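> Next come a sequence and a model predicted from it.
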Amino acid sequence: MDIAEFQEDFLEEVKSAAVVSGEGTVATFVTVATNYMINAEVLSDFSSAFWIGTGKNNRKIRVDGYVFDDFDNTLTLLVTDYTGDVKRPPVGRKDVQRQFESLKSFVEEANGSALSTKIEPSTAVADLIEFMRSQKDSIRKYRLIFLCDGMITSRAANFDSETLNGITVEYQVWDIERLFRVCFSDTGRQNIEIDFKKITGRGIPCIEALDASNQEYNSFLCIIPGRILADIYDQYGSLLLESNVRSFLSTKVAVNKKIRTTVLQHPEKFFAYNNGVAATARDLHFENNSSGRFIVYAKDFQIINGGQTTASLSNARHKDKADLSHIFVQMKLTEINADSDSDKIDELIRNISRSSNSQNKVSDADFFSTHPFHIRMEQISRRVFAPAVNGAQHETRWFYERARGQYLQAQMRMTKPEKDKFKLQHPKQQLITKTDLAKVRNSWDGLPQFVSKGAQTNFIKFAELIDDQWEQNEVIFNDKYFKESVALTILFKHTEVLVTHQDWYEQGYRANIVTYSLALLHELLKRQFPDHELNLLLIWNRQEVPAAVTNELVKITKLVFETITDPNRETINVTQWCKRESCWTRVKDCSISLDRDVLAPLLLSRDEVRTVNREAKSGQKIISDVEAQTAVIEKGSVFWMQISDFVQNRHLGSPDMLASLMPAVSIPRKIPNPYQSKKLLQLLDLACAEGFKLK
């Protein structure tokens, strides 16, 4: 797939999504494009807040939406230029600058008093203005993004940062080409490239740990000046931190008091007192001189441990006006072999990150991308066909995207006929990402306040819950679970469209209305039909929501809207109010009588539910048994002989594990049974944790 194909597919996606949702094409373009940017970790989340008008001296003002990163206190504001024309001419610098000026004017006037009088209260943009005022002393940087559906000229790509009332204003230009680069990058995210020589004059001194290097990576010990680390953080913010570490730290205190004390009172002892940082990169460049060896460039630079150290240095300089010139930080830098498979690179980085953060008690849930739950969902999605609907003569699949960009990258080397067949079998509207799954599941499970906190925070909560459930009984995550997840996705999307077409809808808070409505629907079902459950497999079989459920949602969504926008709410800002537990408590107390007679055919009794669950678990156990046996047999007897020698020399493994080695070392003459195969895989994990390497 080249850029032209990507642009054509992208614009077609926007137009078809706009028809389905009933929203305008501009609003849909913003939604689709920002979802790409969220998946690429450019944005942590996004809230739509469209407003266009005039300000002082008739200058144009426009904003399309925003997100606030509470880890580095950056407020990102978005302005867009959408035409829907695949043949639109390149956008020039003057046009981009004009859009940035309209967005900058919004920032300036939002902090005044005149603009708020023009804005209708209880709208998303009114919430944004109120938020900007309340966080006036906390915002450290404005990041203004121009987003268009075409290409930009080379002169329009870069705009220098400036300051506004003492706050840094950074400009970013995103066009179709930049979105394409991120979607098809090796990592599936925006790469951070750092020219250490440019910012330090000579680079970062380093020593290669030769004995610690291997074919997968090279290891270096470095010393980086504190001011340089703070400079890099000021430029890239939380994007500098490896995603799972960022997610983990965002729920903790960002600034460590002990680090701050050392910076302010004992800067010359910082190197001795602080554990330093650990980082990874995929391409390092070096220069040698009489003083030693220096790293002058790093691609895909990510801090995987030491996020609090990095943020604390920046905050101390910003808030306390601390002098960082005498502070130096030790850094362990791991260069990942760029020729490795992208999945292996991702897994290696996460394993390094997990080990580096072990002292912080970061659970496996925080490193969820390679969790076996994801792998199983991916496997089921590639195997299970959805029923054909609307007279179609072919079945389709719901494509579960375990890793960023899988859907697009799967088509990258396909011929035109192959790509057409792939899209026919895997329609774009049947793509489910990890964050999509977390959103629909947490909504249904009564956690709309977490869904309202944004994709990242919600995903952490979902990961924690799944990790606990997986440890208790992994067979519950089976074909039935996947089909029900698809059904909830259909229900969620249906509710989005439903809300858009209601006469009370005022183009704001749709995301909050939808998640709270699904949560309330499930709560009402449990309350009014305690011995029954909604048969989600009916939605899977029909690939649509029954009219009876739609009728109930019409009543529920209106009540939810009225409740979350009630003038007596605890906070003025509706978006912030929806993030509170007390908001969910108030919505949960709402009372609507569901139509028992109409819903009865859609409900399953507890006995029926138990029977279906038992059959699904039994089916998953058979699949898991076969998968375990297949994995063991494929490795062969020579492999298991090496494992046997390794574990016996180190006295590793339980009696059951060691007994399972007997048939394994005789493959194919003897075949381990399913129980033995699972024990062997556990033994393999144990051996690898102790340093086993295939000879």
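Noted; the coordinates are in hand. Numbering: from 1, shown residues only.
> How about the secondary structure of Q215?
Here Q215 is recorded as coil under DSSP: H, G, I helix; E, B strand; the rest coil.
> now swap in the one 5 residues further on and tell me
The assignment at F220 comes out as strand when based on three-state DSSP.
> beta partners for it?
Counting by DSSP bridges, F220 forms beta bridges with E208, L333.
> these two touch, right, it and L210?
No: counting by CB atoms under 8 Å, F220 stays clear of L210, with 10.1 Å between them. Bear in mind the C-beta positions are built from the backbone N, C-alpha and C, glycine included.
> Looking at these two, which is more packed in?
With neighbours defined as other CB atoms under 10 Å, F220 and L210 compare such that F220 has more, 23 against 8.
> and that one, what is it in contact with?
206-209, 284, 295, 332-335 (CB atoms under 8 Å, 6 or more residues apart in numbering).
> What of R140?
Neighbours of R140 in contact, by CB under 8 Å, 6+ apart: 72-74, 167-168, 318.
> what residues does stretch 670-687 touch?
Applying CB under 8 Å, 6+ apart, the contact partners of stretch 670-687 are 625-626, 628-629, 631-633, 640, 643, 646-647, 652-654, 656-664, 692.
> Out of those residues, which end up buried?
Buried members of these, counted by 16 or more other CB atoms under 10 Å: 628-629, 632, 640, 643, 646-647, 652-653, 657, 660-661, 663-664, 692.
> which of these lies closest to I199?
Using CB to CB, F692 comes nearest to I199 of the buried ones among the contacts of stretch 670-687, at 41.5 Å.
> Check the nearest residue to that closest one once chain neighbours are set aside and give its pLDDT.
Leaving aside its sequence neighbours, F692 sits nearest to F646 (CB to CB, 6 or more residues apart in numbering; 5.0 Å). Per-residue pLDDT puts F646 at 89.
> where's F646, which helix or strand?
Take DSSP states H and E as the rule and F646 turns out to sit in helix 606-649.
> How about C206?
Here C206 is assigned to strand 204-208, by DSSP H and E.
> Which of the residues in that strand are classified as buried?
Under the neighbour-count criterion of 16+ other CB under 10 Å, strand 204-208 has 204-206 buried.
> export these to a markdown table and tack on pLDDT and distance to L431?
Output for the buried residues of strand 204-208, formatted as a markdown table (pLDDT from 0 to 100; distance: CB to CB, whole Å):
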| residue | pLDDT | distance to L431 |
| --- | --- | --- |
| I204 | 93 | 41 |
| P205 | 93 | 46 |
| C206 | 92 | 42 |
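> Nearest to V451 among the residues you listed?
Closest to V451 out of the buried residues of strand 204-208 is I204 (41.4 Å), distances taken as CB to CB.
> who's in contact with that closest one?
196, 222-224, 228, 294-295, 331 are the contacts of I204 under CB under 8 Å, 6+ apart.
> Filter these down to the buried ones.
For the contacts of I204, buried by 16+ other CB under 10 Å: 196, 222, 224, 228, 294-295, 331.
> Take these and keep only those in strands.
Using DSSP state E, the subset of the buried ones among the contacts of I204 located in strands is 222, 224, 294-295, 331.
> Between which two of those is the distance greatest?
Largest separation among those by CB to CB: F294 and M331, giving 13.1 Å.
> what about the strands in the stretch 351-500 of the chain?
With strands called from DSSP state E, counting those that start in this stretch, the stretch 351-500 of the chain shows them at 399-401, 431-433.
> Fine by me, we can end here.
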